[in-house]
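**Q** I would like to see how this sequence folds:
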Amino acid sequence: DRGVITLIGDEMWRVQQVASRTSAKIGESGLNILNMDAQEETSRIIIVVEDAKENIKKAIKAVHEGIAEINFI
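**A** Next comes the predicted model:
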């Protein structure tokens with residue numbers, strides 16, 4: 001099974017390297033991203049991970065931990 005994490009935000013275009021930082025945080029948490037789609041025009045990032053054990057919770061936690069490091073342009 002697969003789980004999907006979606007990040008949506010009107011101001012995400014103001015965050016430098018938001019897609020790469022998000023994927024790095026998820027990778028650092030020990031998860032493998034199966035698929036990822038970032039759409040600048042809609043300020044949406046879709047991340048697909050394996051839906052096993054606590055993977056979805058770990059991915060969400062990893063993304064939220066990175067919020068403190070956001071630098072707006």
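
**Q** so which strand or helix has the residue nearest to the spatial centre of the chain?
**A** Nearest residue to the geometric centre of the chain (CA atoms, centre = their mean): T22, 4.1 Å. Using DSSP states H and E, T22 sits within helix 18-28.

**Q** Tell me the first helix or strand C-terminal of that helix.
**A** strand 33-39.

**Q** Would you mark the buried spots in that following strand?
**A** Residues of strand 33-39 classed as buried: A38 (neighbour count, 16 or more other CB atoms under 10 Å). (Each C-beta comes from the backbone N, C-alpha and C, glycine too.)

**Q** before we move on, what about stretch 46-62?
**A** Quick answer for stretch 46-62 (16+ other CB under 10 Å): I47, V49, N55, I56, A59, A62.

**Q** got the angle for the helix holding T22 vs strand 33-39?
**A** Using axes from the mean of the first three to the mean of the last three CA atoms, to 10 degrees, the inter-axis angle of helix 18-28 relative to strand 33-39 is 160 degrees.

**Q** for helix 18-28, the distance to its chain's centre please.
**A** Distance of helix 18-28 from the chain centroid (CA atoms, centre = their mean, to the nearest Å) equals 6 Å.

**Q** In it, which residues are buried?
**A** V18, A19, R21, T22, S23, K25, I26.

**Q** List phi and psi for G30.
**A** Main-chain dihedrals, G30, degrees, to the nearest 10: phi 90, psi 10.

**Q** Count the neighbours of it for me.
**A** 9 (other CB atoms under 10 Å).

**Q** same question, M12
**A** Neighbour tally, M12, other CB under 10 Å: 19.

**Q** what's near enough to touch the nearest residue to it once chain neighbours are set aside?
**A** The shortest distance from M12 to any non-neighbouring residue, by CB to CB, 6 or more residues apart in numbering, is to S43 (4.3 Å). By CB atoms under 8 Å, 6 or more residues apart in numbering, the contact list for S43 reads I8, G9, D10, E11, M12, W13.
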